[in-house]
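Student: Fold the following.
(2 chains)
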Number of protein chains: 2
Amino acid sequence: MSGFKEKFEEYIKFTEDSLKNYNALSEGERAQENLVTAMNYSLEAGGKRIRPVLVYAFCEACGGDFARAAAPAAAIEMIHTFSLIHDDLPAMDNDDFRRGKPSCHKAFGEAMAILAGDALSVLPFGIIADDSALDPQEKVRIISVLAKAVGKSGMIGGQVIDMENEQRSDVDEVNLRNMYRHKTGELIAVSCIMGCICAGADGDMISYAAEYGYKLGLAFQIVDDILDVTSTTEELGKPVGSDEEENKTTFVTLFGVDEARNIADNITNEAMNCLEHFENNEFLKELTEMLLKRKN
Amino acid sequence: MSGFKEKFEEYIKFTEDSLKNYNALSEGERAQENLVTAMNYSLEAGGKRIRPVLVYAFCEACGGDFARAAAPAAAIEMIHTFSLIHDDLPAMDNDDFRRGKPSCHKAFGEAMAILAGDALSVLPFGIIADDSALDPQEKVRIISVLAKAVGKSGMIGGQVIDMENEQRSDVDEVNLRNMYRHKTGELIAVSCIMGCICAGADGDMISYAAEYGYKLGLAFQIVDDILDVTSTTEELGKPVGSDEEENKTTFVTLFGVDEARNIADNITNEAMNCLEHFENNEFLKELTEMLLKRKN
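Tutor: Numbers count the residues shown, from 1 in each chain, chains lettered A, B, ... in the order given. Predicted structure coming up:
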């Protein structure tokens, strides 16, 4: 398909512009300037912006105007950023670097990083509530699915499962899939779901979008597991071999690289099948392929 | 007024019952059981429950059925609890005890406390979105004011001001009032505002409720400053004299105990005046007086 790259870049630009607008320092917040600086530091650190791109792409795949999805798209990227800031904290994964830059607590101190993450966990709900494009019913529905995807039964629950798995030596495939579904799948799936809601799509479409999202999230994680052993530190932008070093159970430790790649291929094909239910699915198909074949 | 105590206890019971219901472990969350246990541990630690009581009381003061306010009342107590859990963390205030019990990170470890706070910062928005008593317009309005009161220009912003003040020796009354307004005033004011919204009150009533809330929050903080030097550790349930020990600027260090008490009395009177605009204001008047005269 021609135009994939242009559309991808359009979505990214839209995301980054709206992140700036939503988090701009407003009058009367001078005393909190350092907080907003810390929030922006992590928001601007880049990353793949997969989640907002999925919000926009599913809105368009359902025949909607993707500009209607600006608030949920920015919201999901803020939530993702909040989770990375807290994940990197010394009491959590204790990572000093994130995407080649000092992590938030390294740059601003631990207390400020906790508060920057906190502020980024709350702001998204206000942004959706204050949005002028969506109607109240749509906003309430989006906030409902988003809060569930983030909270105790969602991403945060997944971090707890991950943390507890580190203390265990008997992590099996069922457990690993459950952890990935929560830790990664929930935010990816809700991105797709929110895009559909912004386009006024019906329940069936939302189910297919969710199924696609969970599958994409799982394939994404398995590819991560594979890259950790097959990539180079240069390509990956972070040390390879860290899973083995930390004695983590992954799809590679359970099945080996080749079988893990087969599993990722199969799940990606299943995800592709979900896309058949959407009329304008070319962009999403290319995106899916790109994510499976990525090198970092 | 007769019946104050009964009503107060009714509100508290309603709050505690609904906190339990909203945070109950649902099927499929077994893997996250420890997270829910940590969340409940802090939610059940008690405290004055002032904020949910204000939500209910303002709903009734505006002629509404207070049962309509159950979701925002539980939500604000969860937000307050989230802020206490993160405040107590080693990187923040480093408090090992909260209300006579080990603080959340002492009981469950630092990583779990960070995640329990995170989960309690997000759950409230889902609870409001999923509520069956309020209509979508009311929910969106409540989520909008709540997110602002909590976020970078609200309570979290206030924590940043507080943190930065600790590095300064020139904190003056203007700065201190600004810090208290954000750190304490915002959640108290939004409790009053949400109660009015649940009763369908108009903009004027909401303005009076907000003004009352900010004043009550400030008087509450000044009384805290006074109790820190005039109370006993036994009465207060925590060590007295901690402000002086930490070299904090307070209304007592700026004005002395007697003048601080005068200021608190005057602000409380101004708060009482705001209540004159509400028809059923007896409960709120007694509550205001009780909070000014409290011993802990």
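
Student: Do I have it right that residue A:77 meets residue A:15?
Tutor: Yes. Counting by Cβ atoms under 8 Å, residue A:77 does reach residue A:15; the two are 6.2 Å apart. Just so you know, the C-beta spots here come from the backbone N, C-alpha and C atoms, and that holds for glycine as well.

Student: From the contact counts, what lies against the helix or strand in which residue A:229 is found?
Tutor: Using DSSP states H and E, residue A:229 sits within helix A:203-230. When contacts are defined as 3 or more Cβ pairs under 8 Å, 6 or more residues apart in numbering or on different chains; DSSP states H and E, helix A:203-230 sits against helix A:50-61, helix A:173-180, helix A:186-198, helix A:242-245, helix A:251-275, helix A:282-292.

Student: go again using 10 Å as the cut-off
Tutor: Counting by 3 or more Cβ pairs under 10 Å, 6 or more residues apart in numbering or on different chains; DSSP states H and E, the packing neighbours recorded for helix A:203-230 are helix A:50-61, helix A:136-150, helix A:173-180, helix A:186-198, helix A:233-236, helix A:242-245, helix A:251-275, helix A:282-292.

Student: List the buried residues in the longest one.
Tutor: Of the residues in helix A:251-275, A:251-253, A:255, A:260-261, A:263-264, A:267-268, A:270-272, A:274-275 count as buried by neighbour count, 16 or more other Cβ atoms under 10 Å in any protein chain shown.

Student: Quick check on residue A:92: phi, psi?
Tutor: Phi and psi for residue A:92, reported as degrees, to the nearest 10, are phi -100, psi -110.

Student: quick one: contacts for the closest residue to it other than its chain neighbours?
Tutor: Leaving aside its sequence neighbours, residue A:92 sits nearest to residue B:111 (Cβ to Cβ, 6 or more residues apart in numbering or on different chains; 5.3 Å). Neighbouring residues of residue B:111 by Cβ atoms under 10 Å, 6 or more residues apart in numbering or on different chains: A:86, A:87, A:89, A:90, A:91, A:92, A:93, A:159, A:160, A:163, B:105.

Student: Residue A:188 now?
Tutor: Contacts of residue A:188 were listed using Cβ under 10 Å, 6+ apart, and they are A:50-51, A:54, A:76, A:80, A:149, A:155, A:181, A:210, A:212-221, A:291.

Student: can you do 7 Å?
Tutor: A:51, A:54, A:213, A:216, A:217 (Cβ atoms under 7 Å, 6 or more residues apart in numbering or on different chains).

Student: got a markdown table for the helices and strands packed on helix A:203-230, with mean pLDDT too?
Tutor: Listed next are these as a markdown table, based on pLDDT from 0 to 100:
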| stretch | mean pLDDT |
| --- | --- |
| helix A:50-61 | 98 |
| helix A:136-150 | 98 |
| helix A:173-180 | 96 |
| helix A:186-198 | 98 |
| helix A:233-236 | 76 |
| helix A:242-245 | 82 |
| helix A:251-275 | 97 |
| helix A:282-292 | 95 |
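
Student: could you dump those helices to JSON lines with distance to residue A:4?
Tutor: Shown next, in JSON lines, are the helices and strands packed on helix A:203-230 (distance: least, Cβ to Cβ, whole Å):
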{"stretch": "helix A:50-61", "distance to residue A:4": "11"}
{"stretch": "helix A:136-150", "distance to residue A:4": "27"}
{"stretch": "helix A:173-180", "distance to residue A:4": "27"}
{"stretch": "helix A:186-198", "distance to residue A:4": "17"}
{"stretch": "helix A:233-236", "distance to residue A:4": "22"}
{"stretch": "helix A:242-245", "distance to residue A:4": "31"}
{"stretch": "helix A:251-275", "distance to residue A:4": "14"}
{"stretch": "helix A:282-292", "distance to residue A:4": "5"}
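
Student: Model confidence for residue A:1, exactly?
Tutor: Among the per-residue scores, residue A:1 shows a pLDDT of 49.

Student: Quick check: the residue most central in space within chain A vs chain B, distance?
Tutor: The residue lying closest to the centre of chain A (Cα atoms, centre = their mean) is residue A:51, at 4.7 Å. With distances taken as Cβ to the nearest Cβ, to the nearest Å, residue A:51 is found 16 Å from chain B.

Student: Could you count how many residues lie near residue A:293?
Tutor: Residues within reach of residue A:293, counting by other Cβ atoms under 10 Å in any protein chain shown, total 9.

Student: Compute the distance between it and residue A:265, please.
Tutor: Using Cβ to Cβ, to the nearest Å, residue A:293 is found at 10 Å from residue A:265.

Student: and the residue nearest to residue A:92, what element?
Tutor: Using DSSP H and E, residue B:111 sits in helix B:110-130.

Student: Show me which residues of the stretch 101-250 of chain A are close to chain B?
Tutor: Taking Cβ under 7 Å from any Cβ of the partner chain, the part of the stretch 101-250 of chain A that reaches chain B is made up of A:110-111, A:114-115, A:118-119, A:121-123, A:125-126, A:129-130, A:136-137, A:139-140, A:143-144, A:147-148, A:150-153, A:156-157, A:159-161, A:163, A:178.

Student: Generate a ChimeraX selection restricted to the buried entries among those residues.
Tutor: Here is the ChimeraX command that picks out the buried ones among those, judged by 16+ other Cβ under 10 Å:
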select /A:110,111,114,115,118,119,121,122,123,125,126,129,130,139,140,143,144,147,148,150,151,152,153,156,157,159,160,161,163,178
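
Student: and the residue lying closest to residue A:190 once chain neighbours are set aside, how far is that from residue B:156?
Tutor: In space, and not counting its chain neighbours, residue A:190 is closest to residue A:149: 3.6 Å by Cβ to Cβ, 6+ apart. Distance of residue A:149 to residue B:156, computed by Cβ to Cβ: 22 Å.

Student: same question, residue A:147
Tutor: Going from residue A:147 to residue B:156 by Cβ to Cβ gives 18 Å.

Student: my read: the residue nearest to the centre of chain A touches residue A:187, true?
Tutor: Yes. Using Cβ atoms under 7 Å, residue A:51 is in contact with residue A:187, at 6.0 Å.

Student: Apart from its neighbours in sequence, what residue is nearest residue A:199?
Tutor: Leaving aside its sequence neighbours, residue A:199 sits nearest to residue A:64 (Cβ to Cβ, 6+ apart; 2.7 Å).

Student: list the contacts for that neighbour?
Tutor: Counted by Cβ under 7 Å, 6+ apart, residue A:64 has contacts A:198, A:199, A:200.

Student: Could you tell me the model confidence score at the second one?
Tutor: So the one you mean is residue A:199. Predicted confidence (pLDDT) for residue A:199: 98.

Student: Neighbours of it, how many?
Tutor: By the measure other Cβ under 10 Å, the count of residues near residue A:199 is 20.

Student: Look up phi and psi at it.
Tutor: With angles defined as degrees, to the nearest 10, residue A:199 sits at phi -90, psi 0.

Student: Am I right that residue A:240 is in contact with residue A:230?
Tutor: No. Taking contacts as Cβ under 7 Å, residue A:240 lies outside contact range of residue A:230: 8.1 Å.

Student: tell me the two of the contacts of residue B:111 that are most distant?
Tutor: Among the contacts of residue B:111, the pair separated by the greatest distance (Cβ to Cβ) is A:90 and A:160, at 17.9 Å.

Student: Can you check what angle separates the one helix or strand residue A:162 maps to from helix A:173-180?
Tutor: Assigned by DSSP H and E, residue A:162 belongs to helix A:155-165. If you take axes from the mean of the first three to the mean of the last three Cα atoms, to 10 degrees, helix A:155-165 sits at 140 degrees to helix A:173-180.
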